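Trainee: Only the shape, not the letters, is given here:
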């Protein structure tokens, strides 16, 4: 399996998972059918699109329309599925953690392929992983989930992509560094959910 | 009339109409003079700007500053007008439907001219038509109108640009396909307003 | 000091000041540590990034990662500082006015260097100065401060960058035109704060 094929599989897996999570989020807001598809698309392609704009590449879903078809299919299937059965909340949290991990590492790899250094690869990986969810929350007029208390989400993406960059600097080959980065992100995210880990909160209060 | 001239007229008509609708929306939020002009600009150029960024073109209003002057003039005239007379709500709904139609078809034509396929032309046309309104609503901290129940808005743009693409595939010349696409969008939008048509809503509820 | 060096100093000063103001804004929303850093980054680079995307340049902080390191350091220092002492509100309003002035003029200079005319230079300067704050407010689910009543903020940027453009057209050399533009922005902004100046509000009411 070549690195390019690997990138491709990570990207498609992430796109499908995020489309499902976007469709479910839209369902909680009682949007109409089109609104659900739009939120699914935005959630799934938002991060990669911002990454591509910032790196001055063409948006990945314009180059290859398969992504859009995958997302629309995933959103429609989700709507049909939850008509008959309950949405599997537990399974979805795991799927979302996987999507975050795939997107973040593939985003970092695309940044590397554009010739950026390690710091920017971490930033681009994190943007790829989390920005779709930020757009989803902004469109629903909420403070984005990643900024609120009690979520190790972007943090997991930052730590995992940093691990990916550092391991490669230490001589580990790209494939294993990618696998390690993905495992770090999934493990951190699931640990945060299970034990309700969170970063300390910074509150500004007037003092005299 | 060449296709390029046609594009130009569609674009300018859409820009003026959307600037007026943006200024009126800002008036409902009691913004200051500059806020009104900013919302008018964002509403009028937001969709075309996102389209240009995604297609890796220069933003259309940077290349040709006439657009900005048109928008500023339209916003100021609107503010003066409503000081003396009531805003003609009915006329504006029709004007907005025309703006949506002009923008969507011209956006699809620009995408085609960039060499994209039919699916992406539909997506770009729809983005061009609706994204300015999405930005307007996000800036006013509201859930975008196109995502809420009871609006056939983006749907009209999708159906109309799809008609434009399919008709061309069927051998209809570009000009007539464009006219047909515009008529479809205007007709669908006005029908939705008159008979209050809406798409079914997708609501996620916990079931046991 | 060459114009390029001048641009550089303006940019770095603006970035540091806006990072501090972003971190303090985040503190008022009780975000977690990472949320504070993200809001600081967005506030500091948002305007310049939109300018770069619109002008089809690479985002300035990707080309030179020093910016990100500066912002992260400024945000962390701010969080440590306010743990021991009160945030100096007065000093920060002045610092924010300086940041607005530096960013707006440097943004106009970058637009000029890209070969745009005067109107677009004013728009780009204003975007560079105010858009970071707009993103900060959108992420916090608020109507952006610059659109609300009682703020001469974007107005100060527009007047100052216009002065910069007009003075150069009148034969003043770039350096002095830049200094004049900066002074105009700072003076207008501080005057607006001290005497609570505001633009007239446009309110749309139904009349019969």
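Mentor: Nice, thanks for sending it over. Only a predicted model underlies this, so the values are computations on that prediction, with no experimental measurement involved.
Trainee: Is the residue sitting nearest the centre point of chain A within a helix or a strand, and which one?
Mentor: Taking CA atoms, centre = their mean, the centroid of chain A lies closest to residue A:129, which sits 3.0 Å from it. For residue A:129, the host element (DSSP states H and E) is helix A:118-139.
Trainee: That helix - contacts with which helices or strands?
Mentor: With contacts taken as 3 or more CB pairs under 8 Å, 6 or more residues apart in numbering or on different chains; DSSP states H and E, helix A:118-139 sits against helix A:3-28, helix A:33-54, helix A:89-113, helix A:154-169, helix B:118-139, helix C:66-84, helix C:118-139. C-betas here are computed from N, CA, C, even on glycine.
Trainee: Could you identify the helix or strand that succeeds the shortest one?
Mentor: What that stands for is helix A:154-169. Next along from helix A:154-169, by DSSP H and E: helix A:174-194.
Trainee: Surely the residue nearest to the centre of chain A touches residue A:48?
Mentor: No: the pair residue A:129 and residue A:48 does not pass the contact test of CB atoms under 8 Å, sitting 9.6 Å apart.
Trainee: Can you pull the residues that touch both of those two?
Mentor: Common neighbours of residue A:129 and residue A:48 are listed as A:103, A:107 (criterion: CB atoms under 8 Å, 6 or more residues apart in numbering or on different chains).
Trainee: Could you pull up the contacting residues of the residue nearest to the centre of chain A?
Mentor: A:47, A:100, A:101, A:103, A:104, A:107, A:154, A:157, A:185.
Trainee: before we move on, what about residue A:182?
Mentor: Residue A:182 neighbours (CB under 8 Å, 6+ apart): A:101, A:102, A:105, A:160.
Trainee: And for residue A:97?
Mentor: Neighbours of residue A:97 in contact, by CB under 8 Å, 6+ apart: A:156, A:185, A:186, A:189, A:190, A:193.
Trainee: same thing but at 10 Å, please
Mentor: A:17, A:153, A:156, A:182, A:185, A:186, A:187, A:188, A:189, A:190, A:192, A:193 (CB atoms under 10 Å, 6 or more residues apart in numbering or on different chains).
Trainee: ok and the residue in chain A nearest chain B?
Mentor: residue A:27 (3.1 Å; CB to the nearest CB).
Trainee: Settle this for me: that residue is touching residue A:37, isn't it.
Mentor: No: between residue A:27 and residue A:37 there is no contact under CB atoms under 10 Å: 11.8 Å.
Trainee: So which of the two has more stuff around it?
Mentor: residue A:37 (25 against 21; other CB atoms under 10 Å in any protein chain shown).
Trainee: The more buried one: what's its closest spatial neighbour, skipping adjacent residues?
Mentor: residue A:75 (5.0 Å; CB to CB, 6 or more residues apart in numbering or on different chains).
Trainee: For residue A:191, give its distance to residue A:20.
Mentor: For residue A:191, the distance to residue A:20 equals 23 Å [CB to CB, to the nearest Å].
Trainee: Residue A:115 contacts residue A:55, correct?
Mentor: Yes: in this structure residue A:115 lies within contact range of residue A:55 using CB under 10 Å: 9.5 Å.
Trainee: In terms of neighbours, single out the busier of those two.
Mentor: residue A:55 (19 against 8).
Trainee: ok, now how distant is the more buried one from residue C:58?
Mentor: 8 Å.
Trainee: Return every residue with contacts to both of the two.
Mentor: With CB under 10 Å, 6+ apart, residue A:55 and residue C:58 have common neighbours residue A:114.
Trainee: ok, back up a step: which of the contacts of residue A:97 count as buried?
Mentor: A:17, A:153, A:156, A:182, A:185, A:186, A:188, A:189, A:192, A:193 (16 or more other CB atoms under 10 Å in any protein chain shown).
Trainee: now, which of the residues you listed sits nearest residue C:41?
Mentor: Nearest to residue C:41 out of these is residue A:153 (CB to CB; 16.1 Å).
Trainee: so what pLDDT did that closest one get?
Mentor: According to the prediction, residue A:153 has pLDDT 83.
Trainee: quick one: it and residue A:197, what's the gap?
Mentor: Residue A:153 is 11 Å from residue A:197, by CB to CB.
Trainee: shared neighbours, these two?
Mentor: With CB under 10 Å, 6+ apart as the test, residue A:153 and residue A:197 both reach A:188, A:189.
Trainee: least trustworthy helix or strand in chain A by mean pLDDT?
Mentor: Across the helices and strands of chain A, mean pLDDT, DSSP states H and E gives its lowest value to helix A:3-28, namely a mean of 78.
Trainee: hang on, residue A:24 packs against residue A:77?
Mentor: No: counting by CB under 10 Å, residue A:24 stays clear of residue A:77, with 11.7 Å between them.
Trainee: The two: which has the busier surroundings?
Mentor: Between residue A:24 and residue A:77, counted using other CB under 10 Å, residue A:24 has the larger neighbour count: 24 against 14.
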